[in-house]
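Peer 1: any chance you could fold what I've pasted below:
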Amino acid sequence: MQTRSTWFQRIILPGFAFKAVVIGGGYATGRELATYFLPSGPWGGLLAMVLSMAIWSIVCTTTFLFALQTRSTDYKAFFRHLLGPFWPLFEVAYFCALIVILAVFAAAAGAIGQSLLGWPVIAGSLVLMAGIVLVATWGNDAVERLFKYVTVFLYATYAIFVLLSLWRFGNRMTGAFTQHPPMTGWVAGGVTYACYNIIAAVATLPVTRHMTGRRDAIAAGLLAGPLAMVPAILFFLCMVAYFPQIAGEVLPSDFLLQKLNLPAFRAVFQLMIFSALLESGTGSVHAINERIAHAYQSRRGRTFSKPARLGVTLVLVTGSVFVAARFGLVQLIASGYTWLSYTILAIFILPLMTLGVLRLIRQRREPIGVEASPAAV
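Peer 2: Okay, here's the model as predicted:
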């Protein structure tokens, strides 16, 4: 007999899962924040982050409501309802995006290993990918436990980081806001960052199986934006202490950690980033595994085995490591994420906020179930 979902699983876990995929290689290291927010200055960057957060909350809420209404807990079922016969467009885009995203994670892990331990870049990438393979192979329970425990570690580490930064260079942080007025371009930066990261809402679909109704979906969706963005805002406040020179650093996080000059905390922070990379990569791969698992069960009436999950995960992470080695962290974020943003806007956000919303309005009085719809092959 299935146990009743807890309040944490229904309301908080979706936001943790969304944050887990969003934080990734660029957010955790500060590279994404330097690329999309720092060019607008301290004030403009903050405005762009608030805009991104609002977009995330709105789209996540709509995504969760649509998933409940259509009983879709994997992305194939979701996009069959949203795009009809054109649903394979998303699958192709998602697979390509996943390779880019995992490559960013691999490049970030390689840069961290090189900076902290003096490893070859490929070594850190391989360690991260091994961790993703290990967790993703064990399925839903292992992934959800990872989201829960890494989130606590992450929030605690960021809180300590902010306090230490205020202690060491708080005057520089506050001074940056008085010396640099708002700059143009913050709307474009906020929208671009929000669009390519909102693909994380698709990766959270498996956890919507815990929701029992529209109130859960709305509460979880509205919380998802702040849960994902608050650590980024805190990190950004620390980064502006060394604006504009920090914008050129491959690892802004390590630049600030060296300024703090606390070797023990530097090691803890880099471990937190590695953990964030692990949960982000695992969440992204898990969405692919769940889509295949539902299709496999629908067609053959059997459960998708752990060896099969292992095989899929190995294929994904192997390709990603080669892409990371070829292009590197900065180029992947600056170029790869830009085309990804336009693609996600065209095949996910615009259809969801038009066709999806119209369907929700028409069917708002119909009862909602939480079972996953069979994903026909």
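Peer 1: hmm, L205 is touching A287, no?
Peer 2: Yes - using CB atoms under 8 Å, L205 is in contact with A287, at 6.9 Å. For glycine as for every other residue, the C-beta is placed from the backbone atoms N, C-alpha and C.
Peer 1: residues that sit against both of these two, list them.
Peer 2: D74, Y75 (CB atoms under 8 Å, 6 or more residues apart in numbering).
Peer 1: alpha carbons of the helix or strand harbouring S341, as PDB, please.
Peer 2: Following DSSP states H and E, one finds S341 within helix 337-344. C-alpha atoms of helix 337-344 as PDB (Å, rounded to 0.1, in the frame of the first residue of the first chain):
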ATOM      1  CA  TYR A 337      23.500  28.500 -23.100                       C
ATOM      2  CA  THR A 338      22.500  31.300 -25.500                       C
ATOM      3  CA  TRP A 339      21.100  29.000 -28.200                       C
ATOM      4  CA  LEU A 340      19.600  26.800 -25.500                       C
ATOM      5  CA  SER A 341      17.600  29.800 -24.100                       C
ATOM      6  CA  TYR A 342      16.000  30.600 -27.500                       C
ATOM      7  CA  THR A 343      15.200  26.900 -28.100                       C
ATOM      8  CA  ILE A 344      13.500  26.400 -24.700                       C
END
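Peer 1: could you give the average pLDDT over the following helix or strand past it?
Peer 2: Sequence order places helix 350-351 as the next helix or strand after helix 337-344, per DSSP H and E. Helix 350-351 carries an average pLDDT of 96.
Peer 1: and helix 350-351, how far from the chain's centre?
Peer 2: 20 Å (CA atoms, centre = their mean, to the nearest Å).
Peer 1: again with stretch 87-96
Peer 2: Centroid displacement of stretch 87-96 relative to its chain, using CA atoms, centre = their mean, is 17 Å.
Peer 1: how about residues contacting stretch 309-319?
Peer 2: For stretch 309-319, using CB under 8 Å, 6+ apart, the contacting residues are 98-99, 102, 106, 129, 132-133, 136-139, 281, 285, 288-289, 292-293.
Peer 1: just those: which are in helices?
Peer 2: 98-99, 102, 106, 129, 132-133, 136-137, 281, 285, 288-289, 292-293 (DSSP state H).
Peer 1: now the helices: where do they sit in the stretch 201-350 of the chain?
Peer 2: Ranges of helices in the stretch 201-350 of the chain, per DSSP state H, counting those that start in this stretch, are 214-239, 252-260, 263-300, 306-327, 329-331, 337-344, 350-351.
Peer 1: list the contacts of the closest residue to C238 other than its chain neighbours.
Peer 2: What sits nearest to C238 in space, not counting adjacent residues and going by CB to CB, 6 or more residues apart in numbering, is S165, at 4.2 Å. By CB under 8 Å, 6+ apart, the contact set of S165 is M173, L237, C238, A241, L256, L260.
Peer 1: how much space separates S165 from L51?
Peer 2: S165 sits 24 Å away from L51, going by CB to CB, to the nearest Å.
Peer 1: and for T70?
Peer 2: In this view, T70 and L51 are 29 Å apart by CB to CB.
Peer 1: just the element for L33, please.
Peer 2: helix 31-36.
Peer 1: quick check: mean pLDDT of that helix?
Peer 2: 90.
Peer 1: show me what that helix is packed up against.
Peer 2: In terms of contacts (3 or more CB pairs under 8 Å, 6 or more residues apart in numbering; DSSP states H and E), helix 31-36 is packed against helix 13-29, helix 186-197, helix 214-239, helix 252-260.
Peer 1: most tightly packed of these?
Peer 2: Compared across the helices and strands packed on helix 31-36, helix 13-29 shows the largest average neighbour count, a mean of 29 (mean count of other CB atoms under 10 Å).
Peer 1: how far off helix 306-327 does that helix point, in degrees?
Peer 2: 30 degrees (axes from the mean of the first three to the mean of the last three CA atoms, to 10 degrees).
Peer 1: any idea how far helix 13-29 is from the middle of the chain?
Peer 2: On CA atoms, centre = their mean, the centre of helix 13-29 falls 4 Å from the chain's centre.
Peer 1: hang on, the earlier thing: on the pLDDT front, check the residue nearest to C238 for me.
Peer 2: Looking at S165, its pLDDT reads 94.
Peer 1: what's the answer for the one 4 residues further on, then?
Peer 2: The predicted structure scores F169 at 92 on the pLDDT scale.
Peer 1: out of the helices and strands packed on helix 31-36, flag the one nearest L47.
Peer 2: L47 sits nearest to helix 186-197 of all the helices and strands packed on helix 31-36, at 4.9 Å, using CB to CB.
Peer 1: can you list contacts of that closest one?
Peer 2: So helix 186-197 is contacted by 22, 32, 36-37, 39-40, 44-45, 47-52, 55-56, 59, 97, 337-338, 340-342, 344-345, 349 (CB under 8 Å, 6+ apart).
Peer 1: in ChimeraX, select just the buried ones from those residues.
Peer 2: To isolate the buried ones among those in ChimeraX, judged by 16 or more other CB atoms under 10 Å, type:
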select :22,32,36,37,39,40,44,45,47,48,49,51,52,55,56,59,97,337,340,341,344,345,349
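Peer 1: you'd agree H180 is up against G45?
Peer 2: No - using CB under 8 Å, H180 is not in contact with G45, being 9.7 Å away.
Peer 1: where's the residue nearest to C238 relative to Y94, distance?
Peer 2: Distance, S165 to Y94, by CB to CB: 37 Å.
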